[in-house]
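J.: no sequence for this one, just the structure:
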């Protein structure tokens, strides 16, 4: 499934061991058989620990009737997790040389996200972002050292690009201190300004020279992280159902929610992976929009799990919200997921208005399911499955029409 991120050197005799320290130079964009390394997979799993912590706190906030505050805190913390993950992923696609120093610095970034995860509860409960900020700074300083190392291994426009990245990341860390020192009412504005500043760093850094990221590798990395997030969603929802059944013996009431949630997650996986998105990633303009948009894909996918937990707590009487509000905790992130996957993935491969409308119409129908009371979640699951069936059928018909036409053209 995976291989080392650095190809073995060609030799006519016995394989020569690679040196522990090597120059950090750019890899080729056309490199064959490029796949995720074991270190990258380990990196992803550790980052999902932080996502799980943020999701758990979101559940508590929504179930307690503080949805607005919980969503705001979740959005800020999830941005820190997602942005650090994405920056590492893009850097690794272009510069991963898998030597000792590269591995150590990557492990430092993993330690940073675990520090961030440890501070999630305090951020939600006490609005204390000190530990979250510390974890984020650890991750970002480690990435800065990687960019400085890349700058030492090259020259010209590529060196300028690497130095711009390092300087931009460092400068942004100064601005993030505002989350700790400024009053609470100012923090959302600090977050908004600094999030925009962070998003501008890659655009500025690569305006004269592009990193040699690998399209197939990038598509695989994002796909694998989507799988892990969806898996965490299933794990969280399963734990909630198990706990509710053990404490309240409400299996009959919980089975529809469990079934609907499973159908939603299965459909979410199918819809994401039905198209070969790596063929669309040809330029920085396309890739930046695609990569930035994954904030909403990852956040909504993780929020589906949180919403299912809220729905379970509402059924057993542990949530202080209405059935409709609990249903919305599932249907709204599901609709957001469908719309963002359509905007970033599916629409580039759909032919005709009927195929293009499948996911947007499905998102609208899922939102309408919010008002179906106790049957909102299973209805949303059924609608999601119907979208998969409809999309598959329309695609099959299109392919069926094209094959005879191609055969006729070849015969003429």
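T.: Received the coordinates, thanks. Just so it is clear, the model here is predicted, and its values are computed rather than measured.

J.: Was I right to think residue 248 contacts residue 316?
T.: Yes. Applying Cβ atoms under 8 Å as the test, residue 248 and residue 316 come out as touching, 4.3 Å apart. Every residue, glycine included, has its C-beta placed from N, CA and C.

J.: Check which element follows the helix or strand hosting residue 192 along the chain.
T.: When elements are assigned from DSSP states H and E, residue 192 belongs to helix 187-205. Sequence-wise, the next helix or strand beyond helix 187-205 is helix 215-248, with elements assigned using DSSP H and E.

J.: So what's the gap between that following helix and the chain middle?
T.: Its chain's C-alpha centre and that of helix 215-248 lie 12 Å apart, by Cα atoms, centre = their mean, to the nearest Å.

J.: right, and the helix or strand after it?
T.: In N-to-C order, the element after helix 215-248 by DSSP H and E is helix 251-273.

J.: got the angle for that next one vs helix 215-248?
T.: Put simply, helix 251-273 runs at 180 degrees to helix 215-248, going by axes from the mean of the first three to the mean of the last three Cα atoms, to 10 degrees.

J.: Use 874 as the first number for this chain going forward.
T.: All set: I'll call the first residue 874, so the last point we hit is now helix 1124-1146.

J.: name the helices or strands packed onto the next helix or strand after helix 1124-1146?
T.: Once the chain leaves helix 1124-1146, the next helix or strand it forms, by DSSP H and E, is helix 1157-1188. Under the contact criterion of 3 or more Cβ pairs under 8 Å, 6 or more residues apart in numbering; DSSP states H and E, the helices and strands touching helix 1157-1188 comprise helix 911-936, helix 940-968, helix 1060-1078, helix 1088-1121, helix 1124-1146, helix 1196-1217.

J.: Could you give me the buried positions within helix 1157-1188?
T.: Of the residues in helix 1157-1188, those scored as buried under the neighbour-count criterion (16 or more other Cβ atoms under 10 Å) are 1157, 1160, 1163-1165, 1167-1188.

J.: just to revisit the earlier point, determine which stretch of the helices and strands packed on helix 1157-1188 is the most buried.
T.: Each of those was scored by mean neighbour count; the highest is helix 1196-1217, a mean of 23, by mean count of other Cβ atoms under 10 Å.

J.: between that one and helix 1124-1146, how big is the angle?
T.: 10 degrees.

J.: what about helix 1196-1217, distance to the chain center?
T.: In this view, helix 1196-1217 has its centroid 15 Å away from the chain centroid, taken as Cα atoms, centre = their mean.

J.: Ok, stretch 1041-1060 next?
T.: For stretch 1041-1060, the gap between its own C-alpha mean and the chain's C-alpha mean amounts to 24 Å (Cα atoms, centre = their mean).

J.: quick one: low-confidence parts of the stretch 874-1023 of the chain?
T.: For the stretch 874-1023 of the chain, residues meeting the criterion pLDDT under 70 lie at 874-890.

J.: what's around residue 1017, how many residues?
T.: Using other Cβ atoms under 10 Å, the number of residues around residue 1017 comes to 18.

J.: Contact partners for it?
T.: Applying Cβ atoms under 8 Å, 6 or more residues apart in numbering to residue 1017 gives the contacts 1038, 1039, 1042, 1043.

J.: Over to residue 1077?
T.: Going by Cβ under 8 Å, 6+ apart, residue 1077 touches 1037, 1041.

J.: how close does it get to residue 955?
T.: 20 Å (Cβ to Cβ, to the nearest Å).

J.: cool, residue 1155 as well?
T.: Applying Cβ to Cβ to residue 1155 and residue 955 gives a distance of 23 Å.

J.: how many neighbours does residue 1058 have?
T.: Residues within reach of residue 1058, counting by other Cβ under 10 Å, total 7.

J.: If you could redo that for residue 1122, that was the one I meant.
T.: A total of 10 residues lie near residue 1122 under the criterion other Cβ under 10 Å.

J.: Let me know the helix or strand that the nearest residue to residue 1024 once chain neighbours are set aside is in.
T.: Here the nearest residue to residue 1024 in space, its sequence neighbours aside, is residue 1035; by Cβ to Cβ, 6 or more residues apart in numbering that works out to 3.8 Å. Assigned by DSSP H and E, residue 1035 belongs to helix 1030-1049.

J.: ok, then the element right after that helix?
T.: Sequence-wise, the next helix or strand downstream of helix 1030-1049 (DSSP H and E) is helix 1051-1054.

J.: May I see the buried residues of that next one?
T.: Of the residues in helix 1051-1054, those with enough neighbours to count as buried (16+ other Cβ under 10 Å) are 1051, 1052.

J.: repeat for stretch 1219-1229
T.: By 16+ other Cβ under 10 Å, the buried positions in stretch 1219-1229 come out as 1219, 1223, 1228.

J.: Ok, stretch 993-1013 next?
T.: Residues of stretch 993-1013 classed as buried: 993-994, 996-997, 1002, 1004-1013 (neighbour count, 16+ other Cβ under 10 Å).

J.: Can you tell me what sits against that stretch?
T.: Applying Cβ under 8 Å, 6+ apart, the contact partners of stretch 993-1013 are 923, 926-927, 930-931, 933-934, 943, 946, 949-950, 953, 957, 961, 981-982, 984-992, 1042-1043, 1045-1046, 1049-1050, 1052-1053, 1057, 1060.
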